[in-house]
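[1] No letters, just coordinates:
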Ligand SMILES: Cc1ncc(COP(=O)(O)O)c(C=O)c1O
């Protein structure tokens with residue numbers, strides 16, 4: 001946090017935003033033409049609504065290591081990394097070899113293969129949970145984890161953190177990190193569906209509390225219990241990765257662990273973003289708190305759609321005795337398992353994590369120096385391969401502080417500056433950077449230099 005932060009002129013932000021948006025349109029005419037073609041056969045011209053961008057998305061052609069190239073030939077350092085999936089870097093040679101070897105031996109049987117065991121053994125070691133199952137995405141992981149928790153406890157209700165995203169199935173598309181008008185009081189925020197098509201009866205089973213407030217969580221659990229609706233589980237990220245990056249305050253996760261254990265509520269750490277990205281054993285290792293279940297996806301497959309669910313022996317019994325059908329044609333797909341095996345055993349090594357820590361330290365320090373020099377209202381923070389500059393005059397600790405203080409216009413401008421200067425960043429005001437093992441100090445310095453240029457222009 002810059003101690004001498006001063007306000008930035010809104011007119012200046014608007015003026016620069018207009019200039020940069022025009023410049024980006026000029027640089028991405030090929031994407032514009034591709035969009036015209038894409039919007040015929042593809043709804044809104046994209047494969048997922050998170051790829052929509054006005055006036056058109058940037059269509060990519062290829063990636064190698066820490067870089068990507070768009071269809072206009074623009075070369076960019078990739079800090080988006082597939083929404084945080086490509087911590088191994090693009091076209092990673094070890095993963096490529098594993099996938100080629102596996103392809104020659106057949107890619108799908110819907111029968112178990114040895115790699116599925118090797119990957120599970122490695123996940124047991126990293127995440128301290130004894131039993132694992134596979135899925136094909138983060139959404140499938142959280143969907144199945146919640147079903148397992150419901151079956152294990154015999155309860156229907158779910159408690160989550162207001163502002164957290166856990167995928168696109170109905171139960172978790174409630175009270176996420178978008179701009180809501182009114183969210184109710186701190187202890188009892190309302191449950192709000194994200195978009196159409198979500199039955200109100202599902203929303204009625206989901207409650208939210210705010211991050212970094214364990215006492216509020218306990219009060220809500222007790223209250224719900226009194227109403228005869230004790231939650232089956234608390235699903236949460238140990239460090240929030242969908243409001244920029246919001247780290248847990250000291251003692252918070254330990255308190256959550258104690259409260260959920262005391263009340264017999266299953267604790268699920270959704271490590272789809274944190275797992276394998278902020279340490280070998282994700283947030284579980286980084287914070288030393290072991291949940292009852294962990295969900296993984298994104299970086300697990302090193303670019304192939306692979307997810308996993310870890311659980312205690314006790315909880316696994318409802319899967320093992322056939323109470324819950326944890327199923328899927330492509331679960332444990334040999335190609336994904338080969339990629340995950342190479343990733344876990346050859347790429348995401350202790351040296352790789354040391355490299356990521358070094359890079360993140362450099363980018364956080366570099367960005368913070370810019371914040372201080374130009375007295376910007378904001379601060380830089382990071383953990384493992386993840387981090388961001390949060391544009392807010394006070395520390396963001398939960399959805400309430402994020403909504404009240406985040407400078408969304410500045411976040412949008414930063415994205416445009418990056419896009420125009422060879423930095424591919426995750427679109428969306430609530431997103432963060434993901435570094436890869438292929439990133440270098442040169443990539444980091446490029447990022448910091450663009451940030452410096454924006455800061456100087458804002459103060460010019
Ligand atoms: C924490 C978290 N959980 C789950 C998901 C859903 O993953 P997927 O998009 O693979 O379904 C996401 C996606 O961004 C996520 O950030």
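    Cool, got the structure. Because the structure is a prediction, the values reported are computed rather than measured.
[2] The nearest residue in space to residue 122 that is not next to it in sequence and the ligand, how far apart?
    Computed as C-beta to C-beta, 6 or more residues apart in numbering, the closest residue to residue 122 that is not its neighbour in sequence is residue 344, at 4.5 Å. The C-beta positions use only the backbone N, C-alpha and C, and glycine is treated the same way. Residue 344 is 18 Å from the ligand, where distance means C-beta to the nearest ligand atom, to the nearest Å.
[3] Check residue 175 too.
    14 Å.
[4] I'd say that residue and residue 198 touch.
    No - using C-beta atoms under 8 Å, residue 175 makes no contact with residue 198, being 11.5 Å away.
[5] the more surrounded of the two?
    A side-by-side neighbour count of residue 175 and residue 198, using other C-beta atoms under 10 Å, places residue 175 first with 26 against 17.
[6] got the phi/psi numbers for the residue in the stretch 101-250 of the chain that the ligand sits nearest to?
    Nearest to the ligand, among the residues of the stretch 101-250 of the chain, is residue 138, at 2.2 Å (C-beta to the nearest ligand atom). Backbone geometry at residue 138, expressed as degrees, to the nearest 10, gives phi -70, psi -40.
[7] How about the contacts made by it?
    Counting by C-beta atoms under 8 Å, 6 or more residues apart in numbering, residue 138 touches 166-167, 270, 272, 295-298, 307.
[8] just residue 107 next, same as before
    Residue 107 neighbours (C-beta under 8 Å, 6+ apart): 333-335.
[9] Residue 424: which of these is nearest?
    Among the contacts of residue 107, residue 335 lies closest to residue 424 (C-beta to C-beta), at 26.0 Å.
[10] Find the nearest non-adjacent residue to that closest one, please.
    Nearest non-adjacent residue to residue 335 (C-beta to C-beta, 6+ apart): residue 107, at 4.6 Å.
[11] how would you label that neighbour: helix, strand or coil?
    Here residue 107 is recorded as coil under DSSP: H, G, I helix; E, B strand; the rest coil.
[12] Show me what the mean pLDDT comes to for the strand or helix carrying residue 18.
    Per DSSP states H and E: residue 18 is located in helix 10-27. In this model, helix 10-27 has an average pLDDT of 98.
[13] helix or strand right after it?
    helix 29-38.
[14] what residues are up against residue 321?
    Per C-beta under 8 Å, 6+ apart, neighbours of residue 321: none.
[15] Dihedrals phi and psi, it?
    Taking degrees, to the nearest 10 as the convention, residue 321 sits at phi -90, psi 0.
[16] any idea how far the ligand is from it?
    27 Å.
[17] ditto for residue 263
    24 Å.
[18] Now do that residue, the pLDDT please.
    For residue 263, the predicted pLDDT is 98.
[19] And for it, the neighbour number?
    16.
[20] Report pLDDT for the closest residue to it other than its chain neighbours.
    In this structure, residue 263 finds its nearest non-sequential neighbour in residue 221, 5.1 Å apart by C-beta to C-beta, 6+ apart. For residue 221, the pLDDT comes out at 98.
[21] tell me the phi and psi of residue 221?
    According to degrees, to the nearest 10, residue 221 has phi -60, psi -40.
[22] Next, find the distance separating the residue nearest to residue 63 when sequence neighbours are not counted from residue 435.
    Spatial nearest neighbour of residue 63, chain neighbours left out: residue 90 (3.2 Å); criterion: C-beta to C-beta, 6+ apart. Per C-beta to C-beta, to the nearest Å, residue 90 is found 13 Å from residue 435.
[23] Tell me which of the two has more neighbours.
    The residue with more neighbours, out of residue 90 and residue 435, is residue 435; 31 against 20, by other C-beta under 10 Å.
[24] for the most centrally placed residue in the chain, helix, strand, or coil?
    Nearest to the mean C-alpha position of the chain, by C-alpha atoms, centre = their mean, lies residue 273 at 3.8 Å. Judged by three-state DSSP, the three-state class of residue 273 is coil.
[25] which ones are touching the nearest residue to it once chain neighbours are set aside?
    Among residues not flanking residue 273 along the chain, residue 241 sits closest, at 4.0 Å (C-beta to C-beta, 6+ apart). Taking C-beta under 8 Å, 6+ apart, we find residue 241 in contact with 84, 273-274, 386, 432.
[26] Could I get the buried residue list for stretch 322-337?
    Buried residues in stretch 322-337, counting neighbours by 16 or more other C-beta atoms under 10 Å, are found at 324, 326, 328, 330-337.
[27] need the strands for this structure, in chain order.
    60-64, 67-70, 75-78, 131-135, 158-161, 206-209, 233-236, 266-270, 293-296, 307-311, 379-383, 386-390, 423-424, 433-434 (DSSP state E).
[28] can the ones you listed go into CSV with extra columns for distance to the ligand, mean pLDDT and mean neighbour count?
    Below are the strands of the chain laid out as CSV (distance: least, C-beta to the nearest ligand atom, whole Å; pLDDT from 0 to 100; neighbours: other C-beta atoms under 10 Å):
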stretch, distance to the ligand, mean pLDDT, mean neighbour count
strand 60-64, 18, 98, 15
strand 67-70, 19, 98, 19
strand 75-78, 17, 98, 21
strand 131-135, 9, 98, 24
strand 158-161, 10, 98, 26
strand 206-209, 15, 98, 24
strand 233-236, 9, 98, 26
strand 266-270, 5, 99, 29
strand 293-296, 7, 98, 30
strand 307-311, 7, 98, 28
strand 379-383, 14, 96, 23
strand 386-390, 11, 96, 25
strand 423-424, 17, 98, 22
strand 433-434, 11, 96, 27
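[29] got these as TSV, with distance to residue 142 columns?
    Compiled in TSV, the strands of the chain are given as follows (distance: least, C-beta to C-beta, whole Å):
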stretch	distance to residue 142
strand 60-64	27
strand 67-70	28
strand 75-78	26
strand 131-135	9
strand 158-161	10
strand 206-209	12
strand 233-236	6
strand 266-270	6
strand 293-296	5
strand 307-311	9
strand 379-383	21
strand 386-390	19
strand 423-424	27
strand 433-434	19
